[in-house]
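Asker: starting from these lines, generate the structure:
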Amino acid sequence: MDAATVMVEAGGRLVGGLLAAGLIQEAWVFTGPRLLGDDAAPGPVSGLAPPRIDLAHTAELLEARRRGPDLMSRWRIGPPASAGRG
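Answerer: The predicted structure is shown next:
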């Protein structure tokens, strides 16, 4: 079965696994006007801790717009900037 688009609403562990597997090409991120969290609050991505910043996945902002009090941003996700370099 082939799929062109799959929407995943997930926690940090699943997002990290999908990124590591190269399965995320685009991310739609919704941010609300409330900031919450404590010392044990999970992050948006877990399981990806490259030893250098140039080994992190890249993200290019494609769109940002308000939806009521929220912000929707759409990002193209790419491989680490140093991928493929010798």
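Asker: nearest spatial neighbour of the residue nearest the centre of the chain, skipping sequence neighbours?
Answerer: In the chain, the centroid-proximal residue (CA atoms, centre = their mean) is A27; its distance is 5.7 Å. Of all residues not flanking A27 in the chain, W75 sits nearest, at 4.7 Å (CB to CB, 6 or more residues apart in numbering). C-beta: built from backbone N, CA, C; applies to glycine.
Asker: which element, helix or strand, includes the one you found?
Answerer: Per DSSP states H and E, W75 falls inside strand 70-78.
Asker: output that strand as CSV - backbone C-alpha positions only.
Answerer: The C-alpha coordinates for strand 70-78 follow below in CSV (Å, rounded to 0.1, in the frame of the first residue of the first chain):
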residue,chain,number,x,y,z
ASP,A,70,-2.7,30.3,17.7
LEU,A,71,0.2,30.3,15.2
MET,A,72,0.5,27.7,12.5
SER,A,73,3.9,27.2,11.0
ARG,A,74,4.7,24.8,8.1
TRP,A,75,8.3,23.5,7.8
ARG,A,76,10.2,21.5,5.2
ILE,A,77,12.3,18.9,7.0
GLY,A,78,15.6,17.9,5.5
